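In: Below are the sequence and a predicted model for it; my questions follow.
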Amino acid sequence: MGLSKVQIQLQPERHFPPSTNLSLGHTLAKKLGIHDHSMMIKFGSSVGTASLWFTNQKNHILQCSPQLAEQLLIPPYSSMYARFDNRSIRLRIGPLLGILIDTKVTDQTKTPFGPMTNFLEECSKAGRKHGIQVAVLSPNALNIEKRQMQPWIYQENKWMKAILPLPDVIYNRITSRRVEAKKDLQKKLNILRSFYRIPIFNETFLDKLQVHRLLSTDPKTAHMLPETYIFHKQQLKKMLSQYPILYLKPTNGSLGKGIIRLVRKPYQIFYQSSIANGTITLKFRTMAECLKAVTERIGRQSYIIQRGLNLATFGGRQLDFRVLAQKNRWGTWSITSMVARIANHQHIVSNLARGGTIRKASDVINELNLSKKPTSQELRSTALTIAQSFDRLAEGHFAELGIDLALDKRGKIWLIEINSKPSKTDDSVINPTLSTRPSVTRLMNYIHFLMGIRPSISQHTQSRKGRKR
């Protein structure tokens with residue numbers, strides 16, 4: 001299969017000889033292995049017939065007639081890969097990557113996607129470098145009947161609306177469980193997945209109890225899991241009698257929302273609940289009073305009860321390590337980045353959305369006053385084992401996981417949580433000086449893997465002077 005990165009240019013119909021609609025130079029045709037003058041051409045879900053005209057130009061430009069461009073819904077002046085399969089006589093342009101979001105697009109020209117804007121802009125620019133057309137779309141932008149979508153694309157340093165065919169791949173970045181669970185969206189995704197055979201990765205949020213049950217079946221990960229049960233009143237009473245600290249968490253929660261910490265002291269129990277601007281603390285003299293307050297707070301929501309651990313802290317604050325695991329150009333798991341997250345002094349969780357801060361993980365580990373502690377590499381290796389185990393045991397297609405690890409005061413590594421929608425906002429970036437964060441580059445490499453593109457390593461040599469999540 002011939003492969004080359006090309007520039008797409010539109011030319012008026014009069015530019016083409018009769019009965020032709022696509023021109024390219026002999027040099028590019030030779031590189032792609034093209035000898036035929038007529039073939040199928042495909043972009044996303046669009047298919048057309050290309051009638052070729054070979055020129056003497058020695059560039060990597062595909063000149064397309066307006067009629068063919070309109071048929072394919074291909075954006076002008078885009079930079080993508082062209083792949084020619086001489087067995088099926090088919091020329092494929094792309095890949096076309098759809099990034100599915102639920103952010104309400106605003107009229108703000110600099111930040112139309114709110115805190116996700118810079119990440120999506122990086123994806124679009126990196127996509128162009130990697131021969132991938134990136135399209136940002138909401139669930140409503142998908143029109144299955146017309147085999148089209150109406151996404152936003154980044155061209156000429158600005159975001160603009162476009163009409164494109166259905167994508168080759170979908171990266172699910174929806175951050176609302178409510179939006180993701182809507183029947184209309186799930187129906188669309190099922191059709192795209194089953195009928196159009198479109199890979200959709202990170203296709204769903206994770207359930208904390210399900211993740212715990214999966215990983216508890218693997219000896220490689222079971223020993224890292226805190227004791228965890230589904231919430232009910234009698235189980236809470238039993239565990240509160242056994243352990244001095246418990247955490248209660250929504251099974252479908254994220255960003256530290258809804259977490260409750262119970263601390264049992266002689267003659268009283270402290271109830272701490274995380275809210276947007278701090279922590280509410282209540283004191284109860286009896287277990288019955290505490291149980292009543294907890295059950296009223298939880299109501300009918302699904303919660304888990306987790307044994308509290310004697311965890312290492314940093315400056316008296318809660319501490320954990322967020323490790324970003326991603327699938328790479330070979331389709332295997334690798335570790336992209338790791339940061340230490342330190343809780344705000346007013347919060348019981350370290351999430352950045354709750355006022356936490358990030359620091360370089362190795363610096364924090366070096367400063368921890370523990371007699372025995374793992375190295376940064378041991379933390380990364382542990383996270384890699386967890387990602388591999390989860391991927392083997394879980395249903396669905398995942399290519400990116402935020403893995404939260406913590407250390408107890410003996411230096412043992414514990415798994416706190418796995419997140420299938422790790423943060424992409426600017427406050428999660430530890431090195432903002434790089435133009436493209438390594439996680440974006442790795443994302444593009446994985447798209448190549450899914451599409452069977454094998455560019456040379458030299459095409460994607462990246463500067464490694466710093467790290468940016």
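Out: Looks like it arrived, so ask away. Numbers count the residues shown, from 1 in each chain.
In: For the closest residue to G114 other than its chain neighbours, pull up the helix or strand it's in.
Out: Once flanking residues are discounted, G114 sits nearest to T103: 5.5 Å by C-beta to C-beta, 6 or more residues apart in numbering. Bear in mind the C-beta positions are built from the backbone N, C-alpha and C, glycine included. For T103, there is no helix or strand it lies in under DSSP states H and E.
In: surely T103 meets F113?
Out: Yes - counting by C-beta atoms under 8 Å, T103 sits close enough to F113 to count as a contact (4.9 Å).
In: Let me know the distance separating the closest residue to T204 other than its chain neighbours from Y171.
Out: Distances taken as C-beta to C-beta, 6+ apart place G396 nearest to T204, at 5.9 Å, with adjacent residues excluded. Applying C-beta to C-beta, to the nearest Å, the value for G396 to Y171 is 14 Å.
In: Compare the two (neighbour count), which wins?
Out: More crowded of G396 and Y171, by other C-beta atoms under 10 Å: Y171, with 22 against 12.
In: so when I look at that one, I'm seeing a strand, right?
Out: Yes - under DSSP: H, G, I helix; E, B strand; the rest coil, Y171 sits within a strand.
In: give the contact list for it.
Out: 97-100, 201-202, 443 (C-beta atoms under 8 Å, 6 or more residues apart in numbering).
In: can I get those in CSV with secondary structure?
Out: As requested, those are exported to CSV (three-state DSSP):
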residue, secondary structure
L97, strand
G98, strand
I99, strand
L100, strand
F201, strand
N202, coil
L443, helix
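In: thought K220 was touching A387?
Out: No - with contacts counted by C-beta under 8 Å, K220 stays clear of A387, the gap being 11.4 Å.
In: what touches both of those two?
Out: In contact with both K220 and A387: no residue, using C-beta under 8 Å, 6+ apart.
In: more neighbours, these two?
Out: Remark: of K220 and A387, A387 carries more neighbours, 24 against 12, as counted by other C-beta under 10 Å.
In: Run the chain-centre distance for the longest helix along the chain.
Out: Secondary structure assigned by DSSP state H gives helix 376-393 as the longest helix of the chain. In terms of C-alpha atoms, centre = their mean, to the nearest Å, the centre of helix 376-393 is set 17 Å apart from its chain centre.
In: and it, which residues are buried?
Out: 376, 379-380, 382-391 (16 or more other C-beta atoms under 10 Å).
In: One more: stretch 194-206?
Out: For stretch 194-206, by 16+ other C-beta under 10 Å, it's 198-206.
In: from the contacts of Y171, which single one is nearest N252?
Out: N202 (15.7 Å; C-beta to C-beta).
In: Leaving aside the residues adjacent along the chain, what's closest to the closest one?
Out: Here the nearest residue to N202 in space, its sequence neighbours aside, is N172; by C-beta to C-beta, 6+ apart that works out to 4.8 Å.
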